[in-house]
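**Q** my questions are about this predicted structure, shown below with the sequence.
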Amino acid sequence: MRNPYRLALVLIVLGAASAAHADRSDTIGRLTSVDSRWDSAELAVRINDGETDVLNVGERIRYRFSSEKDAYLTVINVDSTGVLTLVLPNGRAGSNRVAAGSELTLPGDGDRFRFEATPPVGPQTLLVFATRQPVTLADYGFEAGETFFVADSPKAPSVAERVAEVLRSRGSAATAMVSLEHFIKPPEEGYTAAQIVAFYEERKRSISRPKLDLHVTFELDSARLTPQARLQVDEFATALRKDGMSGQFMLGGHADRRGDEAYNMELSTNRAHAVKDYLVNVHGIEARRLDARGFGETRPLDPRDNEDAYSVNRRVEFELVR
C-alpha cells in the first residue's frame, strides 16, 4: 500500500519552479567556483545555537561568525527558489569586519532589524567568504541605501558572478569559504486569512521574496481533500478576496519521486483540479482565475532523498500569472 501523499499549497509570485531550480544551481555553482586556499577551518559559522539545521517558519535567526584572523565577510543566502540575498556587507560601514578571536553576530544587540525564517520552504544555502582585504557594497557595485540587496532568481546568477569576480581579485590565498545548508519547514498549523494578507502587506520587510506555503493533505491515494485540508483552502479563499490578492493563478500539482512516474503525473493533475474545484464550487472563486495543471515529479523544489524533501515536493503551486 502506498503512503499518503502530503502536498503544500504554494503561492509563487515570480518564476516557474523548474527555471528557478536551474537558476539556483547556477548561482551556487558560480559562487563555489571561487578558489579559496585560506584554511576554512579558521572560519566558524553557526545559525542560532548551531545544534540544528532545520528552522520553522517564524523562528528567529541569528548568524554567528568567528575567525582566527582579522577578516572581512561576504555572506550570501540562496533560498530554495534561487533568490539571492547579500547579507554582508550591508549598508552599515564596517558591518562585515570580524576581529581575530572574536565573534560577529547578526543581528547584533544594537541592530534595529531582525531575521526570521520565512517562506519559501525547503533547502537554503548560506555561503560565507572571508577575505583579508576589505570588501564593501561599493566593490560589488551596489548602493549603500538598502540594508540588504536581494536579487530574484533570474538575476541571481549574474549577481553571483559579479561577487565571484571581486572575491577572485582578492587572491585565493587570502580567501576562505564556508557553505552551510539549512532547511526551512512550514508551520504545522497553517495560516489564517488575516495572516496571509498581512504577510504580503509586510513583504518588503523580508530579506527574501515572499512565497507563502499552506499545507494541504489528501486522503490515501486519492485527490479527495481531507477535512483539515479544506480548512486551509478556506483560509486561502478568504484571502483571495482581499485587496492586493486579485489576479489569475496557475495551480501546478506536484508529487515526490516515489511511485510510478505516470501515476504521479495523473495524481498531481487530479489534486490540482481538486483544489481548483473546491475554490470554485464552495467559495465562488471565478474559474477563469484558476488554471490547474499537473507536473508529477518533474519539478522538485528539493532534490534530496529524505522525508523533508518529499514533504516539500508534494505540493500544489499557486503561480500568479497576471
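**A** That came in fine, so what should we check first? Numbering: from 1, shown residues only.
**Q** can you count the residues close to Leu106?
**A** 19 (other Cβ atoms under 10 Å). Quick note: C-beta positions are derived from backbone N, CA and C, even for glycine.
**Q** specify the beta-bridge partners of Gln176.
**A** Rather than Gln, residue 176 is Ala. Bridge pairing for Ala176 (DSSP bridges) gives the partners Ala130.
**Q** pretty sure it sits against Asp39.
**A** Yes: counting by Cβ atoms under 8 Å, Ala176 touches Asp39, with 6.7 Å between them.
**Q** more neighbours: which of those two?
**A** More neighbours surround Ala176 than the other of Ala176 and Asp39, with 23 against 10 (other Cβ under 10 Å).
**Q** quick one: residues contacting that one.
**A** If you count contacts by Cβ atoms under 8 Å, 6 or more residues apart in numbering, Ala176 has them with Ser36, Trp38, Asp39, Ser40, Glu42, Leu43, Ala71, Phe129, Ala130.
**Q** any quick ChimeraX command for the buried ones out of those residues?
**A** Selection of buried members from the contacts of Ala176 for ChimeraX, criterion 16 or more other Cβ atoms under 10 Å:
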select :36,38,40,43,71,129,130
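**Q** can you tell me the closest non-neighbouring residue to Thr269?
**A** Distance criterion Cβ to Cβ, 6 or more residues apart in numbering; nearest residue to Thr269, sequence neighbours excluded, is Gly294 at 2.7 Å.
**Q** residues near that neighbour, how many?
**A** When neighbours are defined as other Cβ under 10 Å, Gly294 has 21 of them.
**Q** I figured it was touching Ala274, is that so?
**A** No: using Cβ under 8 Å, Gly294 makes no contact with Ala274, being 11.0 Å away.
**Q** which element, helix or strand, includes the closest residue to Thr32 other than its chain neighbours?
**A** Distances taken as Cβ to Cβ, 6+ apart place Ser179 nearest to Thr32, at 6.8 Å, with adjacent residues excluded. Using DSSP states H and E, the element containing Ser179 is strand 175-185.
**Q** give the buried residues for that strand.
**A** Result for strand 175-185 [16+ other Cβ under 10 Å]: buried residues Thr175, Ala176, Met177, Val178, Leu180, His182, Phe183, Ile184, Lys185.
**Q** which residues of the stretch 101-250 of the chain score low on pLDDT?
**A** For the stretch 101-250 of the chain, the stretches with pLDDT under 70 are 144-146, 199-215, 220.
**Q** quick one: the strands in it?
**A** 103-106, 115-116, 122-131, 149-151, 175-185, 212-217, 249-254 (DSSP state E, counting those that start in this stretch).
**Q** on that earlier part again, could I get the buried residues of strand 175-185 as JSON lines with distance to Asn270?
**A** Below are the buried residues of strand 175-185 laid out as JSON lines (distance: Cβ to Cβ, whole Å):
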{"residue": "Thr175", "distance to Asn270": "51"}
{"residue": "Ala176", "distance to Asn270": "50"}
{"residue": "Met177", "distance to Asn270": "45"}
{"residue": "Val178", "distance to Asn270": "44"}
{"residue": "Leu180", "distance to Asn270": "39"}
{"residue": "His182", "distance to Asn270": "34"}
{"residue": "Phe183", "distance to Asn270": "29"}
{"residue": "Ile184", "distance to Asn270": "28"}
{"residue": "Lys185", "distance to Asn270": "26"}
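**Q** so which of those is the closest to Gly50?
**A** For those, the residue nearest Gly50 by Cβ to Cβ is Leu180; the value is 9.4 Å.
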